[in-house]
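S.K.: heads up, no residue letters with this:
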């Protein structure tokens, strides 16, 4: 009754919004946006997404994922919508949906799946967010207190006038809340059953994502950083969620599915060669070593440090997250010396322990800036620059510590990284090739620990290889099976 009264009041005020029957759930939704406006919002928001991400450059994989997604969308309650499915070139383990039928999945998520049925579980879940109109429903709830601004945006017909980020941006990171996430699971399982996928594979997906999130949360706590997790709620998902189990049983009652529809081998063949990890400023990281084939340079970071990357910079963080060294590449002016580059181009003064150096036959300069901007604020900063005359590039090394006041506690680690700079040998060119997922058939005596030692994964290699292959802690792969490795 309260919901009906609110709908009536809003309809009187706005002349537009109201209550509508949800095609997927059969319930009555309080919404403040028409389907046409929802689709237009999705179109505009997809353009924003593509400003921040690139499609993954593999046409065969894109076609495969789109085919699975379109089949699921075709049996949904909103099959009249034009759905769009795209694999994003990002290592974050994530998938998300925009209003109106735009569904995205990252290559990072694909790396942790092990069958087409599991892929269908992820895509079905995201389709469930669309068919359940979760973004629209959540926006309506959050905007009721300040309904005037939304009504103005809808009344003028300008979706851009609304706060697109505030509308559902948070949901793409933190999820839509327990009720809607469970509803999306229920709907996804329903669509899987309609196509013959075993609905219980949805539970496999949840188990994979839950174990991966718990591992990432524990690792992030140790490294004193924010965890990077998919929707941020699976780690707290009950192991025996009666509502979800009931939804799976209900979907299985419609069609228990066929084991042949799991399609493990077909899926693995499609992700054979899938890029793994981040793109480190155009180079590749193997263990604690950085290689750049195009620039033909290499250098090493302290063992055990965590690496992060941006478009033109690489940063390595100590295991306690209290020290960081960053490497940036910039052009230097003709005739400029490394010392002049530091004092003039970087505008660093009050230097001590400064001297000109030569590293790998290239001119350089090293010093300590008494106080300079760092990730921890104003701190003493170890600074060094190495010139590469072949490309007229200046490699800038800067190191700082959270607790540094006058001395630099991890200075020896910083100096080791600086003096590890070298040219890439011809024999090392293959090490500069991107790390990828490859399929291998398990031979007698082959263990995860053995494969981890040969892997370029930086840190926790055995744990990560077990997670991507859906193996339990301590479990070894079965002889004769195909598993994923990183090389």
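M.R.: Arrived safely. Keep in mind the model is a prediction, meaning the values are calculated, not measured.
S.K.: for the stretch 101-250 of the chain, which segments count as strands?
M.R.: All strands of the stretch 101-250 of the chain, identified by DSSP state E, counting those that start in this stretch, fall at 102-106.
S.K.: how about low-confidence regions in it?
M.R.: Low-confidence segments of the stretch 101-250 of the chain, defined by pLDDT under 70, span residues 137-176, 231-240.
S.K.: excluding its backbone neighbours, what's nearest residue 431?
M.R.: residue 291 (4.9 Å; Cβ to Cβ, 6 or more residues apart in numbering). Quick note: C-beta positions are derived from backbone N, CA and C, even for glycine.
S.K.: the one you found: neighbour count?
M.R.: Residue 291 has 22 neighbours, counted by other Cβ atoms under 10 Å.
S.K.: wait, a helix at residue 333?
M.R.: No. Using DSSP: H, G, I helix; E, B strand; the rest coil, the secondary structure at residue 333 is coil, not a helix.
S.K.: next, it: phi, psi?
M.R.: Torsion angles at residue 333 (phi, psi; degrees, to the nearest 10) stand at phi -80, psi 150.
S.K.: do you know how far it is from residue 357?
M.R.: 20 Å (Cβ to Cβ, to the nearest Å).
S.K.: so which residues of the stretch 101-250 of the chain form helices?
M.R.: Assigned by DSSP state H, counting those that start in this stretch, the helices in the stretch 101-250 of the chain fall at 107-110, 116-131, 134-143, 147-155, 164, 170-174, 178-195, 201-222, 242-254.
S.K.: look up the residues forming beta bridges with the residue nearest to residue 431.
M.R.: When assigned by DSSP bridges, residue 291 has beta-bridge partners residue 284, residue 298.
S.K.: quick check: it touching residue 283?
M.R.: Yes. Between residue 291 and residue 283 there is a contact under Cβ atoms under 8 Å: 5.8 Å.
S.K.: joint contacts of the two?
M.R.: residue 432 (Cβ atoms under 8 Å, 6 or more residues apart in numbering).
S.K.: circling back to that earlier point, out of the helices of the stretch 101-250 of the chain, which is the most enclosed?
M.R.: Mean neighbour count (mean count of other Cβ atoms under 10 Å) peaks for helix 116-131 among these, with a mean of 28.
S.K.: roughly how far does residue 327 sit from residue 383?
M.R.: Taking Cβ to Cβ, one finds residue 327 at 12 Å from residue 383.
S.K.: meant to ask about residue 36
M.R.: Counting by Cβ to Cβ, the gap from residue 36 to residue 383 is 56 Å.
S.K.: who's more crowded, those two?
M.R.: residue 383 (23 against 11).
S.K.: next one: the strand or helix carrying the more buried one to chain centre, how far?
M.R.: Here residue 383 is covered by strand 377-388, with elements defined by DSSP states H and E. Relative to the chain's own centre, strand 377-388 is displaced by 30 Å; criterion: Cα atoms, centre = their mean, to the nearest Å.
S.K.: for the residue positioned nearest the centre of the chain, which non-adjacent residue is closest in space?
M.R.: For the chain, residue 92 is the residue whose C-alpha lies nearest the centre (Cα atoms, centre = their mean; 1.3 Å). Excluding its sequence neighbours, the residue lying closest to residue 92 (Cβ to Cβ, 6+ apart) is residue 108, at 5.0 Å.
S.K.: so the helix or strand just after the strand holding residue 383 versus strand 377-388, what angle?
M.R.: Going down the chain from strand 377-388, the next helix or strand is strand 393-401, by DSSP H and E. Here the directions of strand 393-401 and strand 377-388 differ by 150 degrees (axes from the mean of the first three to the mean of the last three Cα atoms, to 10 degrees).
S.K.: what mean pLDDT does strand 393-401 get?
M.R.: The average pLDDT within strand 393-401 is 96.
S.K.: for that strand, packing partners?
M.R.: strand 323-331, strand 362-374, strand 377-388, helix 411-418 (3 or more Cβ pairs under 8 Å, 6 or more residues apart in numbering; DSSP states H and E).
S.K.: quick check: residue 283 touching residue 296?
M.R.: No. With contacts counted by Cβ under 8 Å, residue 283 stays clear of residue 296, the gap being 10.5 Å.
S.K.: still on that earlier bit, can you pull the contacts of the residue nearest to residue 92?
M.R.: 90, 91, 92, 93, 94.
S.K.: domains in the protein, by residue range?
M.R.: 21-271, 286-430, 435-486 (automatic domain parsing).
S.K.: span of the shortest one from start to end?
M.R.: Right, the one you point to is domain 435-486. Terminal residues of domain 435-486 lie 7 Å apart, using Cα to Cα, to the nearest Å.
S.K.: how far is that domain from where the chain is centred?
M.R.: 21 Å.
S.K.: next: stretch 343-361.
M.R.: Relative to its chain's centre, stretch 343-361 lies at 37 Å (Cα atoms, centre = their mean).
S.K.: go on, stretch 107-123?
M.R.: Here stretch 107-123 is found 14 Å from its chain centre; the criterion is Cα atoms, centre = their mean.
S.K.: do the same with stretch 431-443
M.R.: The answer for stretch 431-443 is 21 Å, by Cα atoms, centre = their mean.
S.K.: what lies in contact with it?
M.R.: 111, 268-269, 271-277, 279, 283-286, 289, 291-293, 298, 424, 451, 456, 468, 477-487.
S.K.: quick one: buried ones out of those?
M.R.: 111, 268, 271, 274-277, 279, 283-286, 289, 291-293, 298, 424, 451, 456, 468, 477, 482-486 (16 or more other Cβ atoms under 10 Å).
S.K.: filter these down to the ones in strands?
M.R.: Of the buried ones among the contacts of stretch 431-443, the ones assigned to strands by DSSP state E are 284, 285, 286, 289, 291, 292, 298, 482, 483, 484, 485, 486.
S.K.: next, the angle from the strand holding residue 383 to strand 362-374.
M.R.: Going by the same axes, to 10 degrees, strand 377-388 makes 160 degrees with strand 362-374.
S.K.: what pairs with strand 377-388, parallel or antiparallel?
M.R.: strand 362-374 (antiparallel), strand 393-401 (antiparallel).
S.K.: right, and residue 43 touches residue 100 too?
M.R.: Yes. Look at residue 43 against residue 100 with Cβ under 8 Å: they come within range, at 6.8 Å.
S.K.: more neighbours: the two, which one.
M.R.: residue 100 (26 against 16).
S.K.: and that one, what element?
M.R.: Residue 100 belongs to no helix or strand, assigned by DSSP H and E.
S.K.: contacts only, for the residue nearest to residue 57 when sequence neighbours are not counted.
M.R.: Spatial nearest neighbour of residue 57, chain neighbours left out: residue 89 (6.9 Å); criterion: Cβ to Cβ, 6+ apart. Listed by Cβ under 8 Å, 6+ apart, the contact set of residue 89 reads 53, 54, 55, 56, 57, 106, 107, 275.
S.K.: is the closest residue to the third one other than its chain neighbours in a bridge, and if so with what?
M.R.: By that I understand residue 55. Using Cβ to Cβ, 6+ apart and skipping the chain neighbours, the partner closest in space to residue 55 is residue 86 (5.8 Å). With DSSP bridges as the criterion, residue 86 is bridged to residue 104.
S.K.: tell me how many other residues surround residue 86.
M.R.: Count around residue 86 with other Cβ under 10 Å applied: 19.
S.K.: residue ranges with poor pLDDT in the stretch 301-450 of the chain?
M.R.: For the stretch 301-450 of the chain, the ranges with pLDDT under 70 are 310-311.
S.K.: quick one: end-to-end distance for stretch 297-315.
M.R.: End-to-end distance for stretch 297-315: 16 Å, by Cα to Cα.
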